[in-house]
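S.K.: Build the 3D model from these lines:
(3 chains)
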Amino acid sequence: MNKTLTSLNTSFLILLFLSLIFSMFSIPNLNIDEKQSIKVNFYELIPQDDILFDSSAPDTLIKKETKKISEINEKINTDETSIISKFKINKLDIKNEISKIKLSKEREDILRVSAIIQERISSIWIKPNSLSESLTAKVLINLAPSGEILNFSLIKPSSNTSFNESILTTMNKMTFFEEVLFLERKLFEKNFRNFNLVFKSSGEIE
Amino acid sequence: MEPIGIFILAMICQVYSCAANVSDSVERMQYASVAGEEYLQEDKLETNLNDKVYFEFDKSTLDAEDKSLLEQYLPEIKKAKIVRLEGHCDERGTREYNLALGERRALEVRDFLVVKGVSGKKIRVVSFGEEKPLKSASNEKAWAENRRVEISLY
Amino acid sequence: MIRFSSLLFFLVSNSIFSILEIEILKGSDNLSKVAFVPFGLESGIEENYGSEISKNIENNMLLFGEFENLAVNEMLSYPSSENDFYYRDWKVLGVDYSLIGKVNSVNALGNLNISYSLFNINRRIKILEGEIVGSEDNIEGISKIISNRIYEEITGLRGIFDTKLAYVINSDAETYQMCISDIDGKNEQILFTSKAPIMSPDWSPDRKKIAYVSFENGLAEIFIQDLQSGERDSIQALGMTNSAPVWSPDGKSLALVVSFSGNPDIFLYSINNKRLIRLTNHYGIDTEPSWSPDSKKIIFTSDRSGSPQLYEINTKSKRKKRLTKDGNYNARGRYFPDGKSIFFVHGNDGNFQIATKKLSSRYIETLTSTSLDESPTISPNGNIIIYATKDGLNGYLGGITLDGKSRFSLPVKNGSVREPAWSPLLN
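M.R.: Have a look, this model is predicted:
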């Protein structure tokens, strides 16, 4: 009895450990194009269970989905032995697909604003020559809903002083990110109230 | 069994590479200067034949045409006291590499002549790389003319 | 239960990682704009040293196209001390940095006392303050020292305004000159004039000597010339051809190419005891050696694979490694000052261009866009490459900054200029 308990404990601990590891590496990376990429974490984007249908979802997509479902239903009719189990799966599929549509809309908005912010910073950041070093520095930004930069701080400086200086100089040139005005308030609060800019000296994968 | 075999193999390699190092580091070269220019004091022999052989880019091989030209040349070459072969390249590519390539071209001609019975002792080889072009333009025609070995007899 | 709550904690802590991150990889194509305010003069000083110094500094800083300047007549004010300096005057003009200064005194011996300050306008802070004493006969020298300091402050790289350039001028078929000059082209000195070709100059690390190849005796031969005395010594490594000399970082030996019976290989030549040690032994062409900054490795060109490619060899273990694979012409490699990348001549579709490659990556990046580019040489701070190229019949020197923002060409000489070699820094 005791033995089984300890083994349960250990397995639990291992599970715990794995979840930690997973949590650290599971930030998905979303590429906009080869040179510019935006990291978006999908934890933020997983919709609540009660949201099933969304009016803003494009009609065409929904039509496509329903078409798909009817096709599948036809198949089910031909294969009567597993109607019940398959139908259950289909129900789940519908739910997933629809939440994906909802997600893609939010994601699109976030990506669009992120891309504009990225572009604006890139257009004024005078990147110093850092030889072959691969440098990374992280800046935390606090925005007001108006888009005004309330505060920024170099939370993870790189090892190179002139690289850090160039970033501070750039951030001092920026005052507003008006782009966030077009976002839904909820989306703003979730994603742009506080966000990070990660400056990298080279685009290569290490 | 196997690890021991690998170990022995590694040891053998080690010993071999050490030996190679030693023999290389004690290597002291005492060659006589091959291309002394004493012959330049002598008169150059004039001939009516074309005294140049041409090459492809980054190549040092003789084609059939070059070989037949050299064959025609042979009697005169055999008469001469000294045969000077001067290798050249076109301006493309790097200068030091071209210096080596020019040498390769001249040596290719030398080897051909030696096979045809010319004494290697009277052949002098020198390369100017891309430093002495015949034509200074930057086009295919000029480049083709510059990739050459010049033969002069003394 | 406790365990469940701690698991919950980890799940919540996930949200710490989940803040939106936007990556910035691309920088702006713009250059930093610097205002070089004419230096002021303490009352009583008559000669206008002030504007001469600031003009010199401006010319230095603009030499390689790394910065943009603000014309003096566009400035809203001409402060010479911090008290008169207002950030907004420069912010409205889009200036990133402002340099101000003043000649404080001139003593009876003609020594100037100069103070200067550099401001970062966007951050509204003074980033550099300095004072320097120097002779009025050496305004150029003083200006170079100040230029180096502000360059270092802005870029984080070593200043290179007191470096020199060696090059070969071929003015007609029978005239070849080995020359050196300051990096800005001033103070040209002819070291040696010959009727036969000269090639491959290389600076000794102490900047006191230059090694080069001369054909004056009818074949390629290596000479070492002392810059002070002008004395020339042939090193006579023997063999058919001696060429491609490069100094080791400690200045005690040369890596060079010796061709015995027509097979060029890389050797190390010790300058003190004149001993020759073989480094490569291959029937292919091995040439164009150059040392890694830590002097452990030598990069060289070899056609052992059938086309010229770059290899590196460990000078101790003699282990070799192929560095380039793409394309059928990669030659005359040199290491960057940090030893992590190389630059070389890359042949591509019949064009020969200057390219770089990180040693850790397999990608070759082409820097230049003309078609007959060769002999690249890098500034000691690793930020600029000067190379030889050709326009019509004449060779000239071009330059490019490593970020690709600036391309420039050096002043035209009377004749074809080639084989630039950038001097090391004075230490």
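
S.K.: Could you use CA atoms for every contact and neighbour count after this?
M.R.: Noted.

S.K.: Check whether the helix or strand C:Ile222 falls within comes near chain B.
M.R.: C:Ile222 is part of strand C:221-226, with elements assigned from DSSP states H and E. No - if you take Cα under 8 Å from any Cα of the partner chain as the test, strand C:221-226 misses chain B, and the best it gets is 11.1 Å.

S.K.: That strand - contacts with which helices or strands?
M.R.: Applying 3 or more Cα pairs under 8 Å, 6 or more residues apart in numbering or on different chains; DSSP states H and E, we find strand C:221-226 packed against strand C:209-214, strand C:232-234, strand C:241-247.

S.K.: contacting residues around that strand?
M.R.: C:208-215, C:231-236, C:241-243, C:245 (Cα atoms under 8 Å, 6 or more residues apart in numbering or on different chains).

S.K.: For chain B, tell me which of these show up nearby.
M.R.: C:241, C:243.

S.K.: so what's B:Arg110 up against?
M.R.: B:85, B:120, B:123, B:125.

S.K.: Out of those residues, which comes closest to C:Ile298?
M.R.: B:Val125 (28.5 Å; Cα to Cα).

S.K.: Show me the domain layout of chain A.
M.R.: A:41-124, A:127-206 (automatic domain parsing).

S.K.: If you average pLDDT over each of those, which is lowest?
M.R.: Mean pLDDT per stretch puts domain A:41-124 lowest among those, at a mean of 63.

S.K.: what pLDDT does residue 37 get?
M.R.: All of this refers to chain A. For A:Ser37, the model assigns a pLDDT of 42.

S.K.: Chain C is the one I meant
M.R.: Here the pLDDT value assigned to C:Val37 is 97.

S.K.: I'd guessed it sits against C:Ser81; true?
M.R.: No - taking contacts as Cα atoms under 8 Å, C:Val37 lies outside contact range of C:Ser81: 10.8 Å.

S.K.: Neighbour count for those two, which is higher?
M.R.: Comparing C:Val37 with C:Ser81 by neighbour count (other Cα atoms under 10 Å in any protein chain shown), the higher total belongs to C:Val37, at 23 against 15.

S.K.: And that one, how far from chain B?
M.R.: Distance from C:Val37 to chain B, counting by Cα to the nearest Cα, to the nearest Å: 45 Å.

S.K.: Please compute how far the helix or strand hosting C:Leu254 lies from its chain's middle.
M.R.: Taking DSSP H and E as the criterion, C:Leu254 maps to strand C:253-260. Strand C:253-260 has its C-alpha centroid displaced from the chain centroid by 25 Å (Cα atoms, centre = their mean, to the nearest Å).

S.K.: near chain B at all, the next helix or strand along the chain from it?
M.R.: Next helix or strand after strand C:253-260 toward the C-terminus (DSSP H and E): strand C:263-270. Yes - for strand C:263-270 and chain B, the contact criterion (Cα under 8 Å from any Cα) is met by C:Pro264.

S.K.: Following element in sequence after strand C:263-270, please.
M.R.: strand C:276-278.

S.K.: And that following strand, what does it pack against?
M.R.: Applying 3+ Cα pairs under 8 Å, 6+ apart, one finds that strand C:276-278 makes contact with helix B:2-25, strand C:263-270.

S.K.: try 10 Å this time
M.R.: helix B:2-25, strand C:253-260, strand C:263-270 (3 or more Cα pairs under 10 Å, 6 or more residues apart in numbering or on different chains; DSSP states H and E).

S.K.: related to what we said a few turns ago, does the strand holding C:Leu254 reach chain B?
M.R.: Yes - for strand C:253-260, a contact with chain B is found by Cα under 10 Å from any Cα of the partner chain, at C:257-260.

S.K.: which of these has the most neighbours?
M.R.: Ranked by the number of neighbours (other Cα under 10 Å), the residues of strand C:253-260 next to chain B place C:Val257 first, at 32 neighbours.

S.K.: who are the neighbours in contact with that residue?
M.R.: B:96, B:100, C:222, C:237, C:239, C:241-246, C:263-269, C:278-280, C:285-289 (Cα atoms under 10 Å, 6 or more residues apart in numbering or on different chains).

S.K.: sorry, back to before: buried deepest among the helices and strands packed on strand C:221-226, which one?
M.R.: strand C:241-247 (a mean of 28; mean count of other Cα atoms under 10 Å in any protein chain shown).

S.K.: Neighbouring strands of that one in the sheet, and parallel or not?
M.R.: Sheet partners assigned to strand C:241-247 using DSSP bridges are listed as strand C:253-260 (antiparallel).

S.K.: The partner strand to strand C:221-226, inter-axis angle?
M.R.: Calculated by axes from the mean of the first three to the mean of the last three Cα atoms, to 10 degrees, strand C:253-260 forms an angle of 160 degrees with strand C:221-226.

S.K.: and the angle for strand C:253-260 with strand C:209-214?
M.R.: Using the same axes, to 10 degrees: strand C:253-260 against strand C:209-214 is 10 degrees.

S.K.: for chain A, what spans make up the helices?
M.R.: A:2-25, A:59-78, A:83-124, A:161-173, A:185-187 (DSSP state H).

S.K.: give me every residue that touches the residue nearest to A:Ser123 when sequence neighbours are not counted.
M.R.: Leaving aside its sequence neighbours, A:Ser123 sits nearest to C:Ser28 (Cα to Cα, 6 or more residues apart in numbering or on different chains; 4.5 Å). Contacts for C:Ser28 were tallied using Cα under 10 Å, 6+ apart; they are A:119-127, C:405.
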